[in-house]
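Engineer: how would this look folded up:
(2 chains)
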Amino acid sequence: MAKPVHHQNHQEAITNDKTVFGFWVYLMTDLLMFGVLFAVYSVLHGNIFSGPSGKQIFDLPFALTETIILLTSSFTAGLGILGARSGSKNQVLIWFGVTFLLGLSFLGLELSEFHKLVTEGNSWQRSAFLSSYFALVATHGLHITFGLFWMFITMLKVKSKGLTPSLTRKLTLLSLFWHFLDIVWIFIFTIVYLMGVV
Amino acid sequence: MEQFILGRLTWDSLPHEWFTLGGTGAFATILLGVAIFLTRVKRWKWLWKEWLTTTDPKKIGIMYLIIAFLMFLRGGLDAVMIWLQQSIGTSTSPGYLGATHGYLSADHFQQIFTAHGDIMVFFVTMGFLFGLINLIVPLQIGARDLAFPFLNSLGFWLYFAGVVLINMFFVLGGQFGSTGWLAVAPLSELQFNPGVGVDYWIWSLQVSGVGTLIGGINFVVTILKMRAPGMSLMRMPMFTWASLMGMILVVSIFPILAMTMALLTLDRYLGMHFFTLDNGGNAMMYWNLIWMWGHPEVYVLIIPVFGIYSEIVSTFAQKKVFGYTSLIVAVGAITLLSFSVWLHHFYTMGAGADVNAFFGIMTMWIGIPTGVQIINWLFTMFRGKIIFKTPIYWFFGFVSTFTFGGMAGLLMALPPVDFQIHNTLFLVAHFHTMIVGGALFGIFAGFTYWFPKVFGFKLNERIGKYAFWTWLVGFFVSFVPLYILGMMGAVRRMDTYSPSLGWQQLFTVSLIGAGIIMCAVGLQILQLIVSIRQRNQNRDLTGDPWNGRSLEWATSSPPPFYNFAVIPEVHSRDPFWEMKKEGKKPIKYEDIELPKNTPMGIYISGFAFLFGLAMVWHAWLFAIIGIVGIICCVLLRTFDEDTEYVLTAAEVEKIEKKNAKRYA
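Structural biologist: This next block holds a predicted model:
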């Protein structure tokens, strides 16, 4: 009852096709969830109640640093995918390793920004503006955390099993997810930080 | 420490009221009965292996239908309780069972209509539709399974976890949300509803909502990527088109619901201020967000049903569907336009005449493609030769009822009219006409139409027709009084009205209608029992009991677990009609790859249920256990390489030959 080889490739092609497509559909639903958060932020960003406004709490150089780190991580993820396409396990591990470290630094910076805001009394409970800011940026941060977790597990698998077709497909999905988070961050940087300070 | 483990659970949370004791007792009795039955017939292992861990969409579909039906009985019971309270309770009548008037306190009454709405929309109608789509769409497109079989199983079990969560308050807490089915803010905020009721609402819908979203993605990818060779989009059957449109709506709108509920959760659990009355919250935003989900949702409920009617009208008029392209364009238009009308649910909230006018115009526009659908069905029947069986009866019931209720909707689309009848019983009558006369009749129609395919024998025709007529009469007797009452100014969601208004007689008439509907449901249950007992006389031996046109009728009844031994090649619309004309061709069998059964869907949903329940009670330890459990199970699943098996060509041939002998 051995699997005929030509069927396996045929099945793989079909599986690739519908899995990647399905993941795109999921990414669009995730984008819609962020859309709601952006809509809520636009409605509520003026409701500062007795608390600070964006101008008073946003540090543009800091946000720019975060942005550059994340954009670079997207670039290194791309290099990792190039390595996967050319079948090089080492390239994949190195470049996704760099991506992981960059992502981790981004998270660290973001958490320090949150910590600063909370300790000075500007937590999410202070005003609707702060609630919507924290919800939007922290949701993005949670997605980044999940992505880092996913990246770590995938690297373990690549290290032990090499670049199988199934793992190559999973790397494609991971990189789609990572680039998607990068795009969302660009919107956050623009709408929240840049437009908040102007 | 105790707080970390048990949260706000106390001894008082256990059942001690007449309804919590009744509900818990009922569940316990049913579960005990099922357990005893399974033990006596020694079917535990069979149940686990063949049904609970399955990835076969035909079985998952049947499980959806069963759970949806059970929830239908629960939601119906809620409805009867509402009817009873409004008939026997007035603002001056005596009170029973601890109530001031009637037998339900005002708060309890509010919980009942809230639960009724959520159960009927989320767990009954969507459950039935997901069941039918699982059962029929893969067959219609010539596929063996959905795109993601494991996710299909997971989606069902998350739905089931939601079902258990929404019923859990009987056992723990005794309180459901009393905010109306959409839990609008600021009423649903901590300031006005700090108890567990709204939290039960949130978590049961969030958990099952993930299942719905997963299912929606699954169906979209299946229909777009797994059609048989030769089946272009414009050759798909109407039910598949309608399901595609409905599922595109699902994936577009459920993220909005999930996020809106999450924002409410953040307000309630972390003290945020999205919709609160203080610190800059904006309650109107909740209304906009929730109806941005809510309006397209009602189209999710009706669009697949339009597909069912297209199939039935075409089959029973023995003619191909009239205006296939215009039907698809119309359904597409409804799908798109459904996003542009949401404000008509709150004209009176103060957006101003200009804004109201825009939404009023868009709401009237959406009636046009709906009309196109109806006209196409009528023209399909024109010059056809109609076979009068139960499914087409349901269509006739639908077309008259839905048109009538739709007119009421068009009336309310006009803001100046709506200012008079907004939130009256006129509105309640309108949307029930749409959902019952439209969606529910369609589900009954689809159920009677496809029953022989799924179970292998036909339903009893005579009882089916009695059930239909009883439903139709019962529906009009219950809801026409509500239209009248609404016109006279009866506000919705009131547990008593003043007897001096002279309305009680109409409420009594409505209650009689409810009784007639209960008889109708009884007849439907009788039909099932009788049909099962007579199944050997009514076996479908050809796979094609109605002289159908689409591919599902090309399989045996019920189909083999792999659907098609050989994936058919499609050359036109109504491919089975063509196949019948061309006659049988010789078949060459091939190996088939199929997904294995898996219990992971059950385990993940079990942890999701635990998480939801723990969050309701603020029992953080168990919430963490729930999350960790989900993550571990998901990880285990991703490490599992062995998720499929091969059915060799020889085995396929053996099964096919055995089936052919049975159905010779």
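Engineer: In chain A, what residue spans correspond to helices?
Structural biologist: A:5-44, A:54-57, A:60-85, A:89-119, A:128-161, A:165-188, A:195-197 (DSSP state H).
Engineer: nearest to B:Ile387, of the ones you listed?
Structural biologist: With Cβ to Cβ, the closest approach to B:Ile387 among the helices of chain A belongs to helix A:5-44: 38.5 Å. Any C-beta I mention is one placed from the backbone N, CA and C, and that applies to glycine too.
Engineer: and that closest one, anywhere near chain B?
Structural biologist: Yes: applying Cβ under 8 Å from any Cβ of the partner chain, one finds helix A:5-44 in contact with chain B at A:7, A:11, A:14, A:17-19, A:21-22, A:25-26, A:28-30, A:32-33, A:35-37, A:39-40, A:43-44.
Engineer: Which among those count as buried?
Structural biologist: In terms of neighbour count (16 or more other Cβ atoms under 10 Å in any protein chain shown), the buried residues within those are A:18-19, A:21-22, A:25-26, A:29-30, A:32-33, A:36-37, A:39-40, A:43-44.
Engineer: before we move on, back to that, redo the helices of chain A as TSV? Include distance to B:Ala161 and mean pLDDT.
Structural biologist: Formatted as TSV, the helices of chain A follow (distance: least, Cβ to Cβ, whole Å; pLDDT from 0 to 100):
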stretch	distance to B:Ala161	mean pLDDT
helix A:5-44	20	85
helix A:54-57	40	94
helix A:60-85	35	96
helix A:89-119	31	97
helix A:128-161	21	97
helix A:165-188	26	96
helix A:195-197	40	92
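Engineer: Put together TSV for those, with distance to B:Leu158 on each row.
Structural biologist: Formatted as TSV, these follow (distance: least, Cβ to Cβ, whole Å):
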stretch	distance to B:Leu158
helix A:5-44	15
helix A:54-57	38
helix A:60-85	31
helix A:89-119	29
helix A:128-161	18
helix A:165-188	21
helix A:195-197	38
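Engineer: Now do the SS call for whatever residue of chain B ends up closest to chain A.
Structural biologist: Going by Cβ to the nearest Cβ, chain A is nearest to B:Gly280 of chain B, at 3.1 Å. Secondary structure, DSSP: H, G, I helix; E, B strand; the rest coil: B:Gly280 is coil.
Engineer: wait, what's in contact with it?
Structural biologist: A:44, A:47-49, A:127-129, B:273 (Cβ atoms under 8 Å, 6 or more residues apart in numbering or on different chains).
Engineer: with these in mind, which one is nearest to B:Ser314?
Structural biologist: Closest to B:Ser314, out of all of these and judged by Cβ to Cβ, is A:Leu44, at 50.6 Å.
Engineer: Could you measure from the closest one over to A:Leu60?
Structural biologist: 21 Å (Cβ to Cβ, to the nearest Å).
Engineer: what do you get for B:Val530?
Structural biologist: 75 Å.
Engineer: neighbours around the nearest residue to A:Pro52 once chain neighbours are set aside, how many?
Structural biologist: Counting by Cβ to Cβ, 6 or more residues apart in numbering or on different chains, A:Pro52 lies nearest to A:Asn122, which is 5.8 Å off, once chain neighbours are set aside. Using other Cβ atoms under 10 Å in any protein chain shown, A:Asn122 is surrounded by 20 other residues.
Engineer: Verify the contact between A:Asn122 and A:Leu130 for me.
Structural biologist: Yes: counting by Cβ atoms under 8 Å, A:Asn122 touches A:Leu130, with 6.0 Å between them.
Engineer: if I look at those two, which residues touch both of them?
Structural biologist: Joint contacts of A:Asn122 and A:Leu130 (Cβ under 8 Å, 6+ apart) are A:51-52.
Engineer: give the contact list for B:Met81.
Structural biologist: B:104, B:112.
Engineer: element containing it, please.
Structural biologist: In this structure, B:Met81 sits in helix B:57-88 according to DSSP states H and E.
Engineer: B:Val480 now?
Structural biologist: helix B:461-487.
Engineer: Pull out the buried positions in the helix or strand following that helix.
Structural biologist: Heading C-terminal from helix B:461-487, the first helix or strand you meet, by DSSP H and E, is helix B:504-533. Buried residues in helix B:504-533, counted by 16+ other Cβ under 10 Å: B:504, B:506-507, B:509-511, B:513-514, B:516-521, B:523-524, B:527-528, B:531.
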